[in-house]
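A.B. asks: Below: sequence and its predicted model.
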Amino acid sequence: DEKYGDTEEQILKCKEALSLYRTYRDQDQTEEAYKHWRTACKECPEDVTERLYYDGIQFVKEKMDDESLSPEKQKVFFDSLMILWDMRIRIFGVTEKDPKNGCDLKGQKATDMLRNNKDMYEEALQLYKEAVDCLKEEARATYITNYYQLKYNKFARMDDGPEREVLREELLFEYLDLQGYCDHGILNNTNDKIIKGYESSKAKLDEYFLKLAQDCEHLIPVLEHLVNSDPKNLKKNKDALKLLNMMQCADSDFYMKVALAVCAAEPSCECNYNIGMGYAKQQNVRKALEYIEKGINNYGDCENKEKMLLTAAQLSMASGMTGSARTYANKVLDVNPNSGEALMVIGDVIAASTCEDKMEGRSVYWLACDYYARAKAKDSSLADKVDKKIASWQRQFPTTEQMFFISKTEGDTFDVCGMGTTTCRARN
């Protein structure tokens, strides 16, 4: 009974007040509950129970919902609400059950603050920052969204100058951490409403990030300044590389500098791929393939092995290295037999091949179109690309006369110089 007071009289008065307000609360008799709650606040020690403050906050917010209240009365209740939050944070910020309870309470206080007084956005921003910095991946989606939105709004209101650019840098780099917190929330929750909250937060973060980054021309100088301020900071280099990849800014000297720095510190499949893409943007395909292959072959199971192999296949094809393109495409199919993109590359390889078929080498277009059709069947998103390729190559099919001279008609099978068997079709 010690938590209820120091004397027997205080203990009795505290227990009685608690019992009365809880009874009326449970019966939805708010006015009576509020009256006895105030008595409990006076009679009980301030740390009697956290629920006393939770209920008080609900009572006060209900009072504030009364539209007939004068602005003066609204302010009195708002000040009371903030005091209750401060007391709850001070007294129950660290509990045996939850050492970070105060961090979550700060986020809740910020939400109530903004809901009732939008002029206090600076104070709310600071509270959200403290909540998110403390809770990290355990932060609620609303804290993450509101924190980033308030900070972005602050950035948007500022005049151009050094302070504004510092804030832009902070927002760009915080984006990655906050996205990670959202991903954690999505993966580690089973409640659909909570998952949708994190998904919504991710979408909002993306929206603000794109406004901040704008394009490579704007993004690169910001990242250069940040990285150059602490060039040996691996996290800064890694974060800069992620942001550059997101915005597809691989065709710059800065990209290569960062990619090489990350790979020197932590050699991996992914960083070799990043360097390869940098060389690809510089039109140095052989060097690009060298690094992509190094990444695939030297670092075990790559998380993005399929993407890397497909990139190698497409780069090879674009450079006229058809043998290499088909080899890589077949490796993609070993990883994912349903890859429509890989089948399309093989179709391109075959269409670019030569075949002594006594029909001017036109049988390759039959087989190429077969592969395109398979690609479309595996991946419907490729339909537009595939249909254009098929329409183009169908105009190159052999004529009926050319087929006649090798004793073939529509529907016959035909071996295309060992590359595969297809069906004979005349040009329309």
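C.D. replies: Happy to help now that I have it. Predicted model only: the values in this text are computed from it and were never measured. Numbering: from 1, shown residues only.
A.B. asks: Can you tell me which helices and strands the top helix by length along the chain packs against?
C.D. replies: Identified as the longest helix of the chain according to DSSP state H is helix 162-187. With contacts defined as 3 or more CB pairs under 8 Å, 6 or more residues apart in numbering; DSSP states H and E, helix 162-187 has these neighbours: helix 141-157, helix 192-213, helix 216-228, helix 234-246. No exception for glycine: its C-beta is placed from N, CA and C like everyone else's.
A.B. asks: Could you list the low-pLDDT ranges of the stretch 301-428 of the chain?
C.D. replies: Across the stretch 301-428 of the chain, the ranges flagged by pLDDT under 70 are 301.
A.B. asks: quick one, helices of it?
C.D. replies: 305-318, 322-335, 340-351, 363-378, 383-394, 400-404 (DSSP state H, counting those that start in this stretch).
A.B. asks: Apart from its chain neighbours, what residue comes closest to residue 202?
C.D. replies: Residue nearest to residue 202 in three dimensions, not counting chain neighbours: residue 182, with 4.5 Å by CB to CB, 6 or more residues apart in numbering.
A.B. asks: With residue 348 instead?
C.D. replies: Of all residues not flanking residue 348 in the chain, residue 317 sits nearest, at 5.4 Å (CB to CB, 6+ apart).
A.B. asks: and the helix or strand containing residue 52, how far out from the chain's middle?
C.D. replies: Following DSSP states H and E, one finds residue 52 within helix 50-64. Mean-position distance between helix 50-64 and its chain equals 36 Å (CA atoms, centre = their mean, to the nearest Å).
A.B. asks: Show me what it is packed against.
C.D. replies: Checking 3+ CB pairs under 8 Å, 6+ apart, helix 50-64 ends up next to helix 8-26, helix 30-43, helix 71-92, helix 101-116.
A.B. asks: Please identify the deepest-packed of these.
C.D. replies: Neighbour counts (mean count of other CB atoms under 10 Å) averaged over each of these peak at helix 101-116, with a mean of 20.
A.B. asks: Using CSV, write out every CA atom in that one.
C.D. replies: Extracted as CSV, the C-alpha positions of helix 101-116 are listed here (Å, rounded to 0.1, in the frame of the first residue of the first chain):
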residue,chain,number,x,y,z
ASN,A,101,8.5,4.5,-22.5
GLY,A,102,9.4,8.2,-22.3
CYS,A,103,10.5,8.1,-26.0
ASP,A,104,7.1,6.9,-27.1
LEU,A,105,5.3,9.3,-24.8
LYS,A,106,7.2,12.2,-26.4
GLY,A,107,5.9,11.2,-29.8
GLN,A,108,2.4,11.0,-28.4
LYS,A,109,2.8,14.5,-26.8
ALA,A,110,4.0,15.9,-30.1
THR,A,111,1.0,14.5,-31.9
ASP,A,112,-1.4,16.1,-29.4
MET,A,113,0.6,19.3,-29.5
LEU,A,114,0.3,19.6,-33.3
ARG,A,115,-3.4,18.6,-33.3
ASN,A,116,-4.3,21.4,-31.0
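A.B. asks: I'd like the mean pLDDT over that helix, please.
C.D. replies: For helix 101-116, the mean pLDDT works out to 97.
A.B. asks: Spatially nearest residue to residue 321, not counting backbone neighbours?
C.D. replies: residue 285 (7.5 Å).
A.B. asks: So what's the predicted local confidence for the one you found?
C.D. replies: Model confidence at residue 285, given as pLDDT, is 89.
A.B. asks: my guess is it contacts residue 314, does it?
C.D. replies: No: counting by CB atoms under 8 Å, residue 314 is not a contact partner of residue 285; they are 10.4 Å apart.
A.B. asks: Am I right that residue 240 is in contact with residue 258?
C.D. replies: Yes: applying CB under 8 Å as the test, residue 240 and residue 258 come out as touching, 5.2 Å apart.
A.B. asks: joint contacts of the two?
C.D. replies: By CB atoms under 8 Å, 6 or more residues apart in numbering, residue 240 and residue 258 have these common neighbours: 223, 227.
A.B. asks: Tell me who's in contact with the nearest residue to residue 242 once chain neighbours are set aside.
C.D. replies: Distance criterion CB to CB, 6+ apart; nearest residue to residue 242, sequence neighbours excluded, is residue 176 at 5.9 Å. Taking CB under 8 Å, 6+ apart, we find residue 176 in contact with 239, 242-243.
A.B. asks: Using JSON lines, lay out the residues you listed together with distance to residue 280 and pLDDT.
C.D. replies: Converted to JSON lines, those look like this (distance: CB to CB, whole Å; pLDDT from 0 to 100):
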{"residue": "239", "distance to residue 280": "22", "pLDDT": "88"}
{"residue": "242", "distance to residue 280": "18", "pLDDT": "87"}
{"residue": "243", "distance to residue 280": "19", "pLDDT": "88"}
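A.B. asks: Closest one to residue 290 out of those, please.
C.D. replies: Nearest to residue 290 among those: residue 242, at 23.1 Å, using CB to CB.
A.B. asks: now that closest one: how far from residue 267?
C.D. replies: Distance of residue 242 to residue 267, computed by CB to CB, to the nearest Å: 17 Å.
A.B. asks: These two: which has the busier surroundings?
C.D. replies: residue 242 (18 against 13; other CB atoms under 10 Å).
A.B. asks: ok, now how distant is the more buried one from residue 158?
C.D. replies: The value you get for residue 242 to residue 158, if CB to CB is used, is 26 Å.
A.B. asks: same thing with residue 280?
C.D. replies: 38 Å.
A.B. asks: Of these two, which one has the most company?
C.D. replies: Neighbour tally, residue 280 and residue 158, criterion other CB under 10 Å: the higher count belongs to residue 280, 23 against 13.
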